Structure formats: C-alpha cells, structure tokens
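Asks: With the input below, show me the fold.
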Amino acid sequence: MFNQLAFYSRRIGERFDLVQAGGGNTSIKDEDGHLYVKASGVRLSDIVTITNFAKLDNRKLTELFFTVDWESLDREKRESKANEIVTTCNLTLDKRPSIETLLHAICPGTVFHTHPLIVLEFFSGGKNREQFNDIFAFVSYATPGIELTLALNKSRNEFIIRTGHEPKAIILENHGMVVYDDNPELTWNKTLLVLEKIDSTIGNSISIETKYATANKISMVMENLFHLPCVTIPLKKVNDTMKVSQRPFFPDGVVFFGGGALVTREVDLTTDIQKYLKEFTIPPKIFIIESIAYANGSNFTKANEIAEVWELHSTIAEANANHIVSLEKEEILYLSHWEAEKYRKEL
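Replies: Purely as a prediction, here's the structure:
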C-alpha cells in the first residue's frame with residue numbers, strides 16, 4: 001500500500017495541471033490507527049518511500065480535533081491549538097507534517113489534495129456550483145490550515161446529510177480539490193474522473209492537456225520496466241523531429257540523455273524502449289511523442305537537468321542541423337558507461 005501511495009504521489013507531482021512547485025499533499029491510514037501524510041518540504045514528484053511521510057497517531061488526532069470547541073476560539077488561538085494537536089500526535093519528530101494534516105485526518109481512507117488548474121479556472125469565487133451540487137461538496141475560500149479544515153468538515157457533513165452519500169470530490173474555491181477513497185489507485189482514478197467530469201460538463205477548458213497524461217504514461221512504463229522511481233516532465237513542442245532526434249554531438253548530451261531522443265508513440269512505448277535499450281545499453285531519457293518532447297529522470301531535479309541539456313541540443317540542432325557532426329555510436333556507448341560520468345549523474 002505504501003509503495004502504491006508513493007507511486008501515485010509521483011504521478012501527481014509530475015503534472016503541472018494537478019500541482020505546481022511543492023504544492024499538494026497525499027496521505028494514507030493503516031489498520032493500526034496511524035496517519036501517514038506528506039512531510040513539509042518534500043515534493044510529491046520525489047516521494048520514494050514511506051520515510052517521505054510524517055507518521056501520526058490518527059485516533060488521538062481526530063479525538064482531540066472533535067473535542068475542541070473551535071468556535072469559541074479566535075483565529076489566532078485556533079491556529080495555535082491546531083498546531084499543538086498535530087505536534088502532540090506526531091510520531092516522527094524529525095519530520096514536520098503538512099499544514100493540511102488535520103484535513104487528511106478527518107477524511108476517510110487515502111486522501112489526495114491537489115491544486116488542479118481546471119478547478120481554479122472554473123470554481124474560483126463560487127462559479128459553476130449549481131451544475132455539481134449533487135456530486136461535489138463546495139468549500140468557500142478559507143485560509144489553509146485549521147480554517148480550511150473546519151470549513152471542509154462542515155461542508156462535507158452538510159453534503160452527506162443532504163444527499164445520503166459521500167461527495168465525489170470536495171472543491172476548495174480559489175485553492176484546489178480533495179478526493180478520497182479506499183486505496184491510492186482508487187483515489188487516483190477518481191481524481192482523473194472528477195477532472196474529466198468537470199471538463200465535459202463545462203467545456204472550453206484551457207487546463208486539460210494530453211501531454212500531462214502522456215508524461216504519466218511514460219513514467220508508468222519506465223517504472224514497470226526498470227523497477228526504479230522516476231519523474232517525467234513535458235517540454236516544448238519540437239519543430240523538426242528529424243533534426244533533433246539525431247545522436248548527441250557533445251559529451252553532456254550523452255551523459256544526460258544517452259543516445260538521443262526516442263521518437264515513439266504511446267502504444268509503442270514498451271517495445272521501443274526495449275529496442276533503444278538494446279541499441280544503446282541504457283534507457284532513453286528524452287522521448288518525443290506527437291511532436292512534444294518529454295524528459296524522464298530519477299526525480300524532479302534530475303528531469304529538469306536533462307531538460308536543460310536537451311534544450312541546448314535541440315536549439316542548436318534545429319538551427320544548424322546540416323552543420324552538426326554527431327558523436328560516433330562507439331563514443332556514445334563508451335561515455336554512457338564512463339565511471340566518472342556515471343558518478344556525476346548521481347550527484
């Protein structure tokens with residue numbers, strides 16, 4: 001279950017349409033009454049193991065939350081009390097739990113809190129509620145932390161009383177969205193379905209782009225083939241695939257993206273990756289699918305480093321393809337396994 005949570009946390013974290021920078025958080029609860037919530041300062045895209053989460057006593061956490069008379073406290077005292085409760089229940093003192101820990105605690109199962117562009121686009125300021133009143137619970141804007149948690153708890157309870165069932169999602173106006181289900185896979189699938197429902201109902205979204213789903217697909221295939229965590233980020237549109245897909249013409253090109261870009265289709269990903277591996281003995285790091293380039297790295301920082309070196313390669317290649325002499329394949333194979341460069345790649 002924890003591996004699955006880390007897997008889908010990475011899928012959320014690599015999508016700009018779901019979270020930006022270090023935003024968003026995920027959590028899971030175990031049978032022993034513990035809550036594991038993303039620790040502050042950790043990017044969702046870089047989550048690998050349960051050590052990236054803070055562990056809390058969720059039974060005690062929720063008991064303390066529901067025994068406080070929050071309305072009798074002013075805003076400052078509410079925040080102080082909330083911090084006190086979270087600190088008291090934190091079982092990993094070397095990690096600071098997410099600011100939204102109490103929100104995760106009071107929602108059942110696996111919880112994904114994201115910041116989808118389409119939610120900000122369509123629901124800011126209370127817009128478009130009427131079309132989803134029987135599907136989503138809505139929370140008017142509230143300051144992140146205890147204010148948001150209290151508003152969410154009230155909205156969720158009112159929705160359940162009114163409809164007799166849990167909301168498919170909780171929309172946080174001018175902020176984001178909360179989705180929960182029994183396990184990480186179900187929560188991930190529900191998150192995608194909710195976004196598709198919003199897009200199909202309202203339409204004309206500027207936020208839903210297939211390139212983010214394609215980035216997810218690349219990561220999923222790569223992790224399945226090589227059993228290592230990775231992150232894929234979409235890059236700019238390629239103007240001339242033929243020019244940029246030639247082999248690298250400088251050493252850093254090889255170090256950061258191997259034998260060059262893999263031009264493929266989603267349906268051919270697994271087969272083409274295996275062919276590339278057989279030819280160059282290392283996995284591809286740059287993919288071109290439907291004229292969009294993607295950088296794949298072991299984490300978000302590494303993917304961005306690969307993207308920077310690719311930018312150099314593609315800029316020169318598109319402008320001066322006829323004057324570039326690519327490195328020989330023998331040199332590429334040598335550099336790919338050069339011990340000094342292998343060490344440098346891991347720094």
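Asks: V37 belongs to a strand?
Replies: Yes - counting by DSSP: H, G, I helix; E, B strand; the rest coil, V37 is located in a strand.
Asks: dump the residue contacts of it.
Replies: V37 makes contact with N25, T26, S27, F53, A54, L56, P97, S98, E100, T101, H104 under the criterion Cβ atoms under 8 Å, 6 or more residues apart in numbering. Every residue, glycine included, has its C-beta placed from N, CA and C.
Asks: is it in a bridge, and if so with what?
Replies: With DSSP bridges applied, V37 shows beta-bridge pairing to S27, A54.
Asks: Look at K345 and report its pLDDT.
Replies: We have a pLDDT of 53 for K345.
Asks: Can you show me the strands along the protein?
Replies: All strands of the chain, identified by DSSP state E, fall at 25-29, 34-38, 53-57, 110-114, 136-139, 169-172, 176-181, 231-237, 262-263, 286-289, 292-297.
Asks: Dump the ones you listed into CSV; add mean pLDDT and distance to K190 as well.
Replies: Shown next, in CSV, are those (pLDDT from 0 to 100; distance: least, Cβ to Cβ, whole Å):
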stretch, mean pLDDT, distance to K190
strand 25-29, 97, 13
strand 34-38, 97, 19
strand 53-57, 97, 21
strand 110-114, 98, 8
strand 136-139, 97, 12
strand 169-172, 98, 8
strand 176-181, 97, 5
strand 231-237, 95, 22
strand 262-263, 96, 32
strand 286-289, 97, 26
strand 292-297, 96, 26
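Asks: Neighbours of E305, how many?
Replies: By other Cβ atoms under 10 Å, 18 other residues sit near E305.
Asks: Please list all residues in contact with it.
Replies: Counting by Cβ under 8 Å, 6+ apart, the residues that E305 touches are F256, G297.
Asks: Pull up the per-residue confidence for it.
Replies: On pLDDT, E305 comes in at 96.
Asks: Check the one 10 residues further on too.
Replies: Per-residue confidence at T315 stands at 91 (pLDDT).
Asks: got it, and W338?
Replies: On pLDDT, W338 comes in at 67.
Asks: circling back: show me which pair in the contacts of V37 is furthest apart.
Replies: T26 and L56 (14.2 Å; Cβ to Cβ).
Asks: hmm, back to that, so can I have TSV of the contacts of V37 showing neighbour count?
Replies: Converted to TSV, these look like this (neighbours: other Cβ atoms under 10 Å):
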residue	neighbour count
N25	27
T26	27
S27	30
F53	26
A54	24
L56	29
P97	27
S98	25
E100	23
T101	28
H104	28
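Asks: where exactly do the helices run in this structure?
Replies: 2-13, 58-67, 75-89, 101-106, 117-123, 146-163, 184-202, 210-226, 241-244, 251-257, 269-280, 300-320, 329-336, 339-346 (DSSP state H).
Asks: T270: what's it in contact with?
Replies: Here T270 is in contact with V221, L225 (Cβ under 8 Å, 6+ apart).
Asks: again, only using 10 Å
Replies: Each residue near T270 by Cβ atoms under 10 Å, 6 or more residues apart in numbering is listed here: V221, M222, N224, L225, T264.
Asks: hang on, the earlier thing: any idea which of the strands of the chain gets closest to L73?
Replies: strand 136-139 (19.8 Å).
Asks: now that closest one, how far from the centre of its chain.
Replies: How far strand 136-139 lies from its chain's middle: 22 Å, per Cα atoms, centre = their mean, to the nearest Å.
Asks: for V42, what are its contacts?
Replies: Counted by Cβ under 10 Å, 6+ apart, V42 has contacts S9, G13, G22, N25, V48, T51, N52, F53, A54, K95, R96, S98.
Asks: min pLDDT across these, which one?
Replies: Within those, pLDDT is lowest for G22, at 83.
Asks: picking that back up, of the helices of the chain, which is nearest G176?
Replies: G176 lies closest, by Cβ to Cβ, to one member of the helices of the chain: helix 117-123, at 6.0 Å.
Asks: And that closest one, what does it pack against?
Replies: Applying 3 or more Cβ pairs under 10 Å, 6 or more residues apart in numbering; DSSP states H and E, we find helix 117-123 packed against strand 136-139, strand 169-172, strand 176-181, helix 184-202.
Asks: Report the backbone C-alpha coordinates of it in PDB.
Replies: C-alpha atoms of helix 117-123 as PDB (Å, rounded to 0.1, in the frame of the first residue of the first chain):
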ATOM      1  CA  LEU A 117      -5.800  24.200 -12.900                       C
ATOM      2  CA  ILE A 118      -9.300  23.400 -14.100                       C
ATOM      3  CA  VAL A 119     -10.700  23.800 -10.600                       C
ATOM      4  CA  LEU A 120      -9.100  27.200 -10.200                       C
ATOM      5  CA  GLU A 121     -10.300  28.100 -13.700                       C
ATOM      6  CA  PHE A 122     -14.000  27.100 -13.200                       C
ATOM      7  CA  PHE A 123     -14.800  27.400  -9.500                       C
END
